[in-house]
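Asks: Could you look at this predicted model? Sequence included:
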Amino acid sequence: MTGHSRHVADHRSFRFAGEDHRSFRFAGEAHAVPTFDDERKKIPMRKSFALKSVATIAGSCALFASLSGFTLTDTDEVNAADAVAAIRIVVPESLSNVAPVNSDADVAAEASVPGGTITVPVDPSEGISLGDSVTIGLPFAQQASDATDSPLAGVVAFNNNNGSTTVPFVLSDGATQINTVIENVDAPHRYDYPIDLPAGASLTADGQGTIAAVAADGAPLTVFGEAWAKDANGAPVPTHYELHGNTLTQVVDFTEATAFPVVADPATTGVYSYNCVNPNGSSYFMKPNENLTNCRGSYLQKYINGRMVQSLSLVYRGGAYVKPTWRSGCVLALGGATVALVWFPPAGVTAWVVTSAFAAAGIAGSCKGF
């Protein structure tokens with residue numbers, strides 16, 4: 001692809017000093033920056049306010065930019081900085097584990113994660129590629145600006161030129177988040193994500209509202225998390241999915257009484273998808289980040305790009321259990337009051353373990369993916 005320009009900033013001039021992002025170091029000198037919790041407390045409880053008119057967010061962006069060496073030179077760069085600042089205020093945990101990325105003239109951000117490569121393009125009309133099987137189209141791609149770097153390395157933004165901004169990024173665990181920052185009450189309520197699937201594949205929805213892209217044989221290619229949206233104060237905003245063919249639409253029901261900006265996200269699963277097989281033979285896809293112990297079936301099947309890579313029997317038959325020899329793990333399934341199926345990351349194995357040995361093994365809780 002030629003002819004597409006990309007706004008590039010030199011991210012080498014700054015780095016985060018610690019995971020809480022409370023200070024920046026520039027040329028060896030520490031600069032204190034107000035925490036985003038502090039900034040959030042300054043947001044007034046108003047009926048409605050446009051993103052760029054909020055003094056706290058604008059001030060946060062200006063300070064962020066001046067200390068990082070990221071010079072805002074045009075509308076799209078200002079918009080990108082504003083959108084990321086909004087995400088950090090409304091849902092700061094979302095940006096805590098962004099994956100390292102590469103980029104070039106055509107690729108805004110590309111992350112190599114276990115099992116494949118996730119690519120965010122410069123041109124919004126190309127969509128986000130999840131490995132080799134699924135491409136997620138972006139809302140308002142035909143009118144949106146090309147990807148613009150934000151002050152946060154690895155995170156780009158697409159100005160939709162209608163009061164909303166799309167901010168996709170990849171997390172280190174392979175999950176892809178496509179945040180929509182809604183600036184004011186005049187922005188659209190509906191955000192369409194056309195999904196490009198392999199031949200024979202389709203989008204399905206179950207009775208619990210879980211939407212998945214499935215291959216022709218029913219195997220999951222990717223599973224979407226529940227739709228969510230939050231206002232500038234972190235309060236939930238009503239939102240839901242609609243499914244029309246292979247287009248997933250997130251509807252955000254904000255009103256004039258909503259505190260803006262609103263951040264919404266149809267989060268997708270990470271690299272792996274999980275299918276819980278019930279004793280009667282029926283099955284269902286587990287939601288992203290759901291505790292795997294919620295599967296009370298006979299088997300838990302683990303998929304990547306529609307290919308099953310592991311099937312675990314969750315039924316404890318009174319067999320022997322092992323004494324854990326590793327120092328960490330998480331629970332996959334419960335076999336009653338005395339034993340549990342545990343995954344041990346260092347060795348990549350599973351084993352039934354007596355619950356009395358959990359503390360010694362450093363097992364903190366249920367697995368949410370392995």
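Replies: That came through, no problem. Numbers count the residues shown, from 1 in each chain.

Asks: ok, what's across the strand from the residue nearest to L314 when sequence neighbours are not counted?
Replies: Nearest non-adjacent residue to L314, counting by C-beta to C-beta, 6 or more residues apart in numbering: A333, 4.1 Å away. C-beta here means a position set from N, CA and C on the backbone, and glycine is covered the same way. Beta-bridge pairing for A333 (DSSP bridges): L341.

Asks: Can you name the residues that contact A333?
Replies: Applying C-beta atoms under 8 Å, 6 or more residues apart in numbering to A333 gives the contacts L292, T293, C295, L300, L312, L314, A340, L341.

Asks: From the rest of the structure, what touches stretch 242-255?
Replies: Residues contacting stretch 242-255 (C-beta under 8 Å, 6+ apart): 180, 182, 185, 189-197, 202-203, 205, 211, 224, 227, 229, 231, 237-241, 260, 262, 264, 266.

Asks: Let's test this: mean pLDDT of it, rounded?
Replies: Across stretch 242-255, the average pLDDT comes to 95.

Asks: The lengthiest helix in the chain packs against which elements?
Replies: Secondary structure of the chain read by DSSP state H shows that its longest helix is helix 75-90. Applying 3 or more C-beta pairs under 8 Å, 6 or more residues apart in numbering; DSSP states H and E, one finds that helix 75-90 contacts helix 36-41, helix 55-68, strand 148-149, strand 156-159, strand 164-170, strand 176-182, strand 262-265.

Asks: Just the CA coordinates for it, please, in PDB.
Replies: Provided in PDB are the C-alpha atoms of helix 75-90 (Å, rounded to 0.1, in the frame of the first residue of the first chain):
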ATOM      1  CA  THR A  75      -5.700  17.600  14.800                       C
ATOM      2  CA  ASP A  76      -5.200  13.800  14.500                       C
ATOM      3  CA  GLU A  77      -2.200  13.800  16.900                       C
ATOM      4  CA  VAL A  78      -4.100  15.900  19.400                       C
ATOM      5  CA  ASN A  79      -7.100  13.600  19.000                       C
ATOM      6  CA  ALA A  80      -4.900  10.500  19.600                       C
ATOM      7  CA  ALA A  81      -3.400  12.000  22.700                       C
ATOM      8  CA  ASP A  82      -6.800  12.900  24.000                       C
ATOM      9  CA  ALA A  83      -8.300   9.500  23.400                       C
ATOM     10  CA  VAL A  84      -5.500   7.600  25.200                       C
ATOM     11  CA  ALA A  85      -5.700  10.000  28.100                       C
ATOM     12  CA  ALA A  86      -9.400   9.300  28.300                       C
ATOM     13  CA  ILE A  87      -8.800   5.500  28.400                       C
ATOM     14  CA  ARG A  88      -6.200   6.000  31.100                       C
ATOM     15  CA  ILE A  89      -8.700   7.900  33.200                       C
ATOM     16  CA  VAL A  90     -11.800   5.800  32.600                       C
END
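
Asks: C-terminal to it, what's the next element?
Replies: Proceeding N to C from helix 75-90, the next assigned helix or strand is strand 107-113, under DSSP states H and E.

Asks: What strands line up against the following helix or strand past that following strand, and which way round?
Replies: The helix or strand immediately downstream of strand 107-113 is strand 116-121, counting by DSSP H and E. Counting by DSSP bridges, the strands paired with strand 116-121 are strand 107-113 (antiparallel), strand 128-130 (antiparallel).

Asks: For the residue nearest to the spatial centre of the chain, give the beta-bridge partners.
Replies: When C-alpha atoms, centre = their mean is applied to the chain, the residue found nearest the centroid is Q177 (2.8 Å). Taking DSSP bridges as the rule, Q177 bridges to F169.

Asks: about what we covered before: now render the contacts of A333 as JSON lines, adding secondary structure and neighbour count.
Replies: As requested, the contacts of A333 are exported to JSON lines (DSSP: H, G, I helix; E, B strand; the rest coil; neighbours: other C-beta atoms under 10 Å):
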{"residue": "L292", "secondary structure": "helix", "neighbour count": "23"}
{"residue": "T293", "secondary structure": "helix", "neighbour count": "19"}
{"residue": "C295", "secondary structure": "coil", "neighbour count": "23"}
{"residue": "L300", "secondary structure": "strand", "neighbour count": "23"}
{"residue": "L312", "secondary structure": "strand", "neighbour count": "18"}
{"residue": "L314", "secondary structure": "coil", "neighbour count": "20"}
{"residue": "A340", "secondary structure": "strand", "neighbour count": "25"}
{"residue": "L341", "secondary structure": "strand", "neighbour count": "23"}
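
Asks: can I get those residues in a markdown table with distance to L130?
Replies: As requested, the contacts of A333 are exported to a markdown table (distance: C-beta to C-beta, whole Å):
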| residue | distance to L130 |
| --- | --- |
| L292 | 21 |
| T293 | 27 |
| C295 | 24 |
| L300 | 22 |
| L312 | 24 |
| L314 | 28 |
| A340 | 32 |
| L341 | 29 |
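
Asks: Show me which of those residues is closest to R88.
Replies: Set against R88, the nearest of those by C-beta to C-beta is L292 (29.8 Å).

Asks: any idea how far that closest one is from F224?
Replies: 18 Å (C-beta to C-beta, to the nearest Å).
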